[in-house]
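[1] predicted model and sequence follow; I will ask about them next.
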Amino acid sequence: MRVFVLNKNRQPLDPCKPARARIILSKGKAKVYRRYPFTIILTEEIEEPITHGSQLKIDPGSKTSGLAIIQNNRVVWGCELTHRGFQIRDALTSRRQLRRARRHRKTRYRQPRFLNRTRPKGWLAPSLMSRVHNILTWVKKLTRLCPITGLYQELVRFDTQKLQNPEISGIEYQQGTLYGYELREYLLEKWNRKCAYCGAKGTHLEIEHIKPLSKGGSNRVSNLAIACHSCNHAKSNQEIEQFLSGKPEILKRILSQAKRPLSDAAAVNTTRWKLYHELKLFGLPVEVGSGGLTKFNRCRQNLPKTHWLDAANVGKVDTLIVEDYKPLLVAAKGHGTRQICRINKYGFPIRYCSRVKIHKGFQTGDIVRAVVTKGKKIGTYVGRVATRKSGYFNISTKSGMVQGISHKYCQFIHRKDGYAYTD
């Protein structure tokens with residue numbers, strides 16, 4: 001990926017290649033401004049710099065979203081942003097269950113609160129709104145680091161009504177070539193891009209009817225699965241109970257997964273318009289495209305299936321030149337918790353949670369490099385740090401958690417901003 005460049009007055013310039021950035025840094029003409037995403041700032045101001053317009057393309061997802069910057073049909077930068085919406089949902093569910101349990105125990109009566117809150121217009125659940133905020137945060141960050149002149153968003157990913165009822169009448173939307181892409185893309189995600197019967201990956205997958213059409217089956221998405229050619233041919237028009245008579249566990253899994261609600265598609269469809277209206281507030285032209293068109297553009301160029309390359313193919317695309325296939329991996333981690341104490345599974349407090357978040361100049365969530373020169377833990381460790389009052393920190397690295405590293409060995413790489421990064 002290319003390196004972002006800022007003028008001395010922090011005006012964004014065109015991104016440069018890593019080799020050129022190394023030369024500029026070695027000559028002392030620039031300094032490192034930010035580690036993630038890697039940005040340099042010039043030490044001498046350039047008068048009236050010439051910049052070329054760049055487009056920021058977004059592929060919103062339920063679990064992972066893709067972002068890509070396009071300049072003159074070149075993919076100069078890309079990242080995959082992993083959301084924590086499901087963690088927020090589980091945390092809110094746990095809190096609600098604990099509060100309800102306290103009301104039914106023989107403790108001080110706590111009057112239930114309801115009908116005392118009004119939701120503003122456009123309100124979304126916190127687990128959904130976190131996805132929108134994550135993308136908006138990165139759009140705001142990238143517009144400060146790169147001269148962005150336009151935004152592209154994949155607005156329509158799945159038409160759940162058309163998926164549920166292909167025979168729907170009315171305006172003939174999503175017909176023709178792209179309709180098949182919409183349906184197939186949804187089935188691939190629903191069945192984790194592997195054969196529903198044997199679990200084969202990396203092979204040609206076909207759309208298969210769980211209950212055959214010849215025996216009363218339908219074309220509804222709940223009756224469709226993805227299977228390899230061998231399994232599809234072996235099943236033919238058999239009932240699934242007959243085909244999997246000797247594999248009851250696989251039969252149970254397929255029947256339950258086929259009835260799984262459209263939760264991922266619903267999450268994307270719920271947040272898409274909110275994200276679209278928020279993007280328009282940046283004052284940049286916003287263009288949209290469908291998920292079927294995105295996949296059509298990607299498959300036409302024989303590009304691999306990744307979130308950031310999907311983002312690069314949003315909207316009208318001629319031919320893309322991909323300079324590097326190693327995007328920046330970003331995971332939302334949040335900014336900590338406001339809990340005063342930790343609780344057990346019954347809702348009773350078990351330990352106190354310190355309100356002091358900064359110890360020895362470090363804060364939980366900072367990315368540090370620790371070079372340990374003596375003791376049992378000699379080595380170099382890079383990762384997010386969890387601070388302790390004692391001055392001995394825990395560092396989360398790629399290979400796992402390393403505990404008890406003294407703050408004297410730690411050096412800052414990136415200040416806490418609520419995200420974890422992987423090059």
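    That came through, no problem.
[2] how many other residues sit next to residue 2?
    Residue 2: 22 surrounding residues under other Cβ atoms under 10 Å. Placement of C-beta: from N, CA and C, glycine included.
[3] am I right that it is in contact with residue 76?
    Yes. The criterion here is Cβ atoms under 8 Å, and residue 2 meets it with residue 76 at 4.5 Å.
[4] distance from the host helix or strand of residue 19 to the middle of the chain?
    Assigned by DSSP states H and E, residue 19 falls within helix 18-26. Mean-position distance between helix 18-26 and its chain equals 31 Å (Cα atoms, centre = their mean, to the nearest Å).
[5] who touches it?
    With Cβ atoms under 8 Å, 6 or more residues apart in numbering as the test, helix 18-26 has contacts from 1-3, 5, 16, 30-32, 38, 40, 42.
[6] spit out the residues that contact residue 2 and residue 76 alike.
    With Cβ under 8 Å, 6+ apart as the test, residue 2 and residue 76 both reach 15, 323.
[7] just the buried positions in stretch 391-398, please.
    Using 16 or more other Cβ atoms under 10 Å as the test for burial, stretch 391-398 gives 393-396.
[8] outside of it, which residues touch it?
    For stretch 391-398, using Cβ under 8 Å, 6+ apart, the contacting residues are 359-360, 362, 368, 370, 381-388, 401-408, 410, 420, 422.
[9] circling back to that earlier point, from the contacts of helix 18-26, which would you call buried?
    Judged by 16+ other Cβ under 10 Å, buried ones among the contacts of helix 18-26: 1-3, 5, 16, 30, 38, 40, 42.
[10] redo those residues as CSV? Include pLDDT, distance to residue 225 and secondary structure.
    Shown next, in CSV, are the buried ones among the contacts of helix 18-26 (pLDDT from 0 to 100; distance: Cβ to Cβ, whole Å; DSSP: H, G, I helix; E, B strand; the rest coil):
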residue, pLDDT, distance to residue 225, secondary structure
1, 87, 37, coil
2, 93, 42, coil
3, 95, 45, strand
5, 95, 49, strand
16, 93, 48, strand
30, 95, 54, strand
38, 95, 43, coil
40, 96, 50, strand
42, 95, 56, strand
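[11] residues near the closest residue in space to residue 329 that isn't next to it in sequence, how many?
    Leaving aside its sequence neighbours, residue 329 sits nearest to residue 422 (Cβ to Cβ, 6 or more residues apart in numbering; 4.0 Å). Residue 422: 13 surrounding residues under other Cβ under 10 Å.
[12] how much space separates residue 422 from residue 75?
    19 Å (Cβ to Cβ, to the nearest Å).
[13] buried sites along stretch 231-243?
    231-232, 235, 240, 243.
[14] swap that for stretch 33-43, please
    Here stretch 33-43 shows 34, 36-42 as buried, counting by 16+ other Cβ under 10 Å.
[15] that older thread, given the helix or strand following the helix holding residue 19, what are its sheet partners and their directions?
    Reading on from helix 18-26 to the C-terminus, the next helix or strand found by DSSP H and E is strand 30-34. Strand pairing for strand 30-34, using DSSP bridges, gives strand 39-42 (antiparallel).
[16] any idea which helix or strand carries residue 292?
    helix 291-300.
[17] and whichever helix or strand comes after that helix, how far from the chain's centre?
    The first helix or strand that comes after helix 291-300 along the chain, using DSSP H and E, is helix 307-312. Chain-centre distance of helix 307-312: 12 Å, with Cα atoms, centre = their mean.
[18] thinking again about what came up before, tell me the one of the buried residues of stretch 391-398 nearest residue 68?
    residue 396 (27.6 Å; Cβ to Cβ).
[19] OK, contacts around the closest residue to residue 45 other than its chain neighbours?
    Residue nearest to residue 45 in three dimensions, not counting chain neighbours: residue 8, with 3.9 Å by Cβ to Cβ, 6+ apart. Residues in contact with residue 8 (Cβ under 8 Å, 6+ apart) are 41-46.
[20] tell me where the chain is predicted with low confidence.
    The chain contains residues with pLDDT under 70 at 106, 109-110, 112, 114-116, 156-182, 261-262.
[21] ok so, going back, farthest-separated two in the buried residues of stretch 33-43?
    36 and 42 (19.7 Å).
[22] how about the spatially most central residue of the chain, phi and psi?
    Nearest to the mean C-alpha position of the chain, by Cα atoms, centre = their mean, lies residue 64 at 2.1 Å. For residue 64, the backbone dihedrals are phi -140, psi 130 (criterion: degrees, to the nearest 10).
[23] could you list the domains of this protein?
    Listed domain ranges for the chain are 1-49, 160-261, 356-422 (source: automatic domain parsing).
[24] mind putting those domains into JSON lines with distance to residue 145?
    Formatted as JSON lines, these follow (distance: least, Cβ to Cβ, whole Å):
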{"stretch": "domain 1-49", "distance to residue 145": "4"}
{"stretch": "domain 160-261", "distance to residue 145": "31"}
{"stretch": "domain 356-422", "distance to residue 145": "14"}
